[in-house]
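Enquirer: What follows is a predicted structure for the sequence shown.
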Amino acid sequence: QTPPKGKRGGVGTMLSSSDVDYMDPGQSYYQFGFLVAEATQRRLLYFQPNNAKEVIPDLAEAVPEASSDNRTVTVKLKRGVKFSPPVDREIKADDFKYAIERLFTKNSPGGYTNYFDFIEGAPSELQSSTPDIKGIETPDDHTLVFKLSKPYAAQFIQSMVLPYTAPVPRE
């Protein structure tokens, strides 16, 4: 039987034995935190609906390019996408670099750093301050280049669907 057609608006209520873990996309780990991040944060990529193998670009202009040795991933960013106030400026490559670097800090440790720990220069332990990860390059405001210590480009590209790739302004 076909379910009845839904209507826009209204209130949805969900009963659960847990809650949102973090509102910060860099710290979110559990399902409810991811649900909030999905509704409030844009990332580099998303998965196609009902297809967890094919990624589609959101803040990325296109699916990132991998080098032939699978150790370099280049991402071109869409132009004209802005943060909401109070930042109120266009997103830049450095906002994504910072978002990933802060995963390696004691103040904002990400739960899935293993998806990013093979970026060249990624620290093996959490840092007191935000590290400058040399394997994340920003040659201009609309290009990110990731240098990987292992040939994991395909896995790395798919990890760009995680909330951790939502841009975070340094300011």
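Expert: That came through, no problem. Numbers count the residues shown, from 1 in each chain.
Enquirer: Please make it C-alpha for all contacts and neighbour counts, starting now.
Expert: Will do.
Enquirer: got the contact list for the closest residue to residue 24 other than its chain neighbours?
Expert: For residue 24, ignoring the flanking residues on the chain, the nearest one in space by C-alpha to C-alpha, 6 or more residues apart in numbering is residue 37 at 7.9 Å. Counting by C-alpha atoms under 8 Å, 6 or more residues apart in numbering, residue 37 touches 23-25, 28, 163.
Enquirer: How many residues are close by the closest residue to residue 53 other than its chain neighbours?
Expert: In space, and not counting its chain neighbours, residue 53 is closest to residue 47: 7.0 Å by C-alpha to C-alpha, 6+ apart. A total of 17 residues lie near residue 47 under the criterion other C-alpha atoms under 10 Å.
Enquirer: helix/strand/coil for residue 47?
Expert: strand (DSSP: H, G, I helix; E, B strand; the rest coil).
Enquirer: Pull out the buried positions in the longest strand along the chain.
Expert: In the chain, with assignment by DSSP state E, the single longest strand is strand 51-57. Neighbour-count burial for strand 51-57, with 16 or more other C-alpha atoms under 10 Å as criterion, is recorded at 55-57.
Enquirer: so where do the helices sit in the protein?
Expert: Using DSSP state H, the helices of the chain run over 31-40, 93-101, 153-159.
Enquirer: Can you spell out which helices and strands pack onto the second one?
Expert: Right, helix 93-101. Helices and strands touching helix 93-101, by 3 or more C-alpha pairs under 8 Å, 6 or more residues apart in numbering; DSSP states H and E, are strand 136-140, strand 143-147.
Enquirer: Residue 161: what's it in contact with?
Expert: Taking C-alpha under 8 Å, 6+ apart, one finds 43-47, 55 in contact with residue 161.
Enquirer: if you set the cut-off to 7 Å instead, what comes out?
Expert: Neighbour list for residue 161: 43-47 [criterion: C-alpha atoms under 7 Å, 6 or more residues apart in numbering].
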